[in-house]
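A.B. asks: The sequence isn't on hand, but the structure is:
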C-alpha cells in the first residue's frame with residue numbers, strides 16, 4: 001500500500017517521522033521541520049493545494065492533525081468509496097488513530113489497526129459491520145477476489161445484515177467461509193422472496209432482477225476455450241463469445257482467462273481479443289490435447305489440418321485447475337467457443 005504521512009506541527013512532525021520510518025511511507029512536513037534525518041517532502045504550499053497534487057497518488061493518507069482540518073481539506077477531492085484512498089487521522093500525541101474514509105475497500109480500517117499496533121494508540125473504527133463484528137459485503141467480496149455487480153445495493157444489504165434481518169446467500173461453489181447466523185445459505189434461488197431483507201449471489205450466472213436489494217459477487221471462475229480459423233478477426237471472436245455467454249446466461253465479468261491450442265498462439269485476432277478483455281491467453285500443447293481429445297467431439301478435417309481433432313473444449317479443461325464444461329461448444333463464423341468453470345471457489349481464490 002503506497003502511503004503518505006502528513007503533519008503540520010512540531011509534535012505531529014516528530015510522530016509522523018517515526019511512523020514513516022517504521023512503515024516505509026512517504027513523509028510530508030512543513031519545510032522548517034524537514035531534515036536530512038527524516039528525508040521528508042517539504043510542504044511549500046497550503047495543505048489544500050498539496051492534496052490537489054497527491055490525493056490520488058497514494059493508496060492511503062495518514063494525517064497527524066485535527067480531524068476537522070482533514071475533513072475540510074479532503075472534502076473537494078472525495079469521489080467514490082471504490083476509488084478514494086484510505087484516509088486515517090491521528091492526534092499528535094498518538095492517543096487516538098481514526099479510520100476516516102474508505103474503511104473497507106480502501107483499507108483504512110485495517111491501516112488504523114496496524115498503526116494502533118505500531119504506536120500503541122487507541123484505534124477508532126466506526127463502520128457498523130466492524131463494531132458489530134459481522135459481515136460487510138464489500139470486504140467479503142474483496143477477500144474472495146470477486147467483482148461486484150449491483151453495487152448500489154451494497155450498503156442496503158450490509159445494513160440488513162447489521163440490523164439482524166434475514167439475508168439470503170446463494171453460491172455456485174462449496175462454502176468454505178463462516179457466515180453470520182442471519183445470513184442464510186440457500187440451495188436454490190427459487191425460494192428467495194420478500195421475507196428476506198436482501199440477497200447475496202456468489203455466481204457466474206446472470207439471474208432475473210429481484211425485488212429485494214441484491215448484490216452479485218463475480219468470481220474469476222470462467223475459462224473460455226477458443227478455436228478459430230486462421231486470420232479470424234477480433235470482432236468475429238468477440239461476437240461469438242458474446243452470443244455464447246448470453247446463451248449460457250454467464251457474466252463476462254467472471255472470465256478468468258482464454259485458452260487455445262499452440263498452433264493459434266500467434267493468431268492476432270485472438271491475441272487482441274484477450275488483450276481487450278485484459279485476461280491471460282494460455283496456450284495448450286497439441287501433445288497434451290491428444291491425450292484427452294477422445295472425450296470430445298472431434299473433426300477429421302481439423303485433425304488433418306492441425307494434428308488434433310478439437311481444440312476449444314480440451315484447451316479449456318487443461319488450462320484450468322479443476323474445471324468442468326458448461327453447456328455445449330458454440331460455433332459461429334469460423335470461431336468455436338467452449339466455456340468451463342472451476343468447480344470450487346478455492347481454485348479461483350488461490
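C.D. replies: Yes, it's here. Bear in mind the structure is a predicted one, so any value in this text is a computation, not a measurement. Numbers count the residues shown, from 1 in each chain.

A.B. asks: buried ones in the host helix or strand of residue 156?
C.D. replies: Using DSSP states H and E, residue 156 maps to helix 154-162. Across helix 154-162, burial judged by 16 or more other CB atoms under 10 Å covers 154, 156, 157, 158, 159, 160, 161, 162. Yep, even glycine has a C-beta here, placed from its N, CA and C like the rest.

A.B. asks: tell me the pLDDT at the first one?
C.D. replies: It refers to residue 154. At residue 154, the model reports a pLDDT of 88.

A.B. asks: Provide a list of residues in contact with it.
C.D. replies: For residue 154, the contact set (CB atoms under 8 Å, 6 or more residues apart in numbering) comprises 137, 138, 148, 215.

A.B. asks: can you tell me how far the first one sits from residue 344?
C.D. replies: Meaning residue 137. Noted for residue 137: a distance of 21 Å to residue 344, by CB to CB, to the nearest Å.

A.B. asks: Neighbour count for these two, which is higher?
C.D. replies: Per other CB atoms under 10 Å, whichever of residue 137 and residue 344 has more neighbours is residue 137, with 26 against 15.

A.B. asks: Does the more buried one touch residue 215 like I think?
C.D. replies: Yes - here residue 137 reaches residue 215: they are 5.6 Å apart, a contact under CB atoms under 8 Å.

A.B. asks: any common contacting residues for these two?
C.D. replies: 148, 154, 157, 200.

A.B. asks: Low-confidence stretches in the stretch 1-150 of the chain?
C.D. replies: Along the stretch 1-150 of the chain, the parts satisfying pLDDT under 70 run over 38.

A.B. asks: Residue 136 touches residue 157, doesn't it?
C.D. replies: No - with contact defined as CB under 8 Å, residue 136 does not count as touching residue 157 (9.8 Å).

A.B. asks: Identify the residues contacting the closest residue to residue 158 other than its chain neighbours.
C.D. replies: Counting by CB to CB, 6 or more residues apart in numbering, residue 158 lies nearest to residue 137, which is 4.9 Å off, once chain neighbours are set aside. Applying CB under 8 Å, 6+ apart, we find residue 137 in contact with 148, 154, 157, 158, 161, 200, 215, 217.

A.B. asks: same thing but at 6 Å, please
C.D. replies: With contact taken as CB atoms under 6 Å, 6 or more residues apart in numbering, residue 137 is in contact with 154, 157, 158, 215.

A.B. asks: and the residues you listed as TSV, adding distance to residue 166?
C.D. replies: Converted to TSV, the contacts of residue 137 look like this (distance: CB to CB, whole Å):
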residue	distance to residue 166
154	18
157	12
158	14
215	15
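
A.B. asks: Between which two of these is the distance greatest?
C.D. replies: 158 and 215 (8.8 Å; CB to CB).

A.B. asks: just the helices in the protein please.
C.D. replies: 10-23, 47-54, 67-74, 108-119, 128-131, 137-144, 154-162, 234-248, 268-277, 286-292, 300-306, 312-319, 345-349 (DSSP state H).

A.B. asks: For the shortest one, which helices and strands make contact with it?
C.D. replies: The reference is to helix 128-131. Packed against helix 128-131 by the contact rule (3 or more CB pairs under 6 Å, 6 or more residues apart in numbering; DSSP states H and E) you find helix 154-162.

A.B. asks: packing partners for the lengthiest strand in the chain?
C.D. replies: As assigned by DSSP state E, the longest strand anywhere in the chain is strand 323-332. Applying 3+ CB pairs under 6 Å, 6+ apart, one finds that strand 323-332 contacts helix 234-248, helix 312-319, strand 335-342.

A.B. asks: nearest to residue 35, of the ones you listed?
C.D. replies: Here strand 335-342 is closest among the helices and strands packed on strand 323-332 (CB to CB), at 53.6 Å.

A.B. asks: tell me the angle of the closest one relative to helix 312-319?
C.D. replies: 30 degrees (axes from the mean of the first three to the mean of the last three CA atoms, to 10 degrees).

A.B. asks: circling back to that earlier point, if you compare the helices of the chain, which one is most tucked away?
C.D. replies: Across the helices of the chain, the average number of neighbours (mean count of other CB atoms under 10 Å) peaks for helix 312-319, which reaches a mean of 26.

A.B. asks: List of residues touching it?
C.D. replies: Residues from elsewhere that reach helix 312-319, judged by CB under 6 Å, 6+ apart: 223, 225-227, 259-261, 282, 284, 288-289, 292-293, 296, 323, 329, 336, 338, 340.

A.B. asks: and if we set it to 8 Å?
C.D. replies: Applying CB under 8 Å, 6+ apart, the external contacts of helix 312-319 come out as 223-227, 257, 259-261, 282, 284, 288-289, 292-293, 295-296, 308, 323-325, 329, 336-340.
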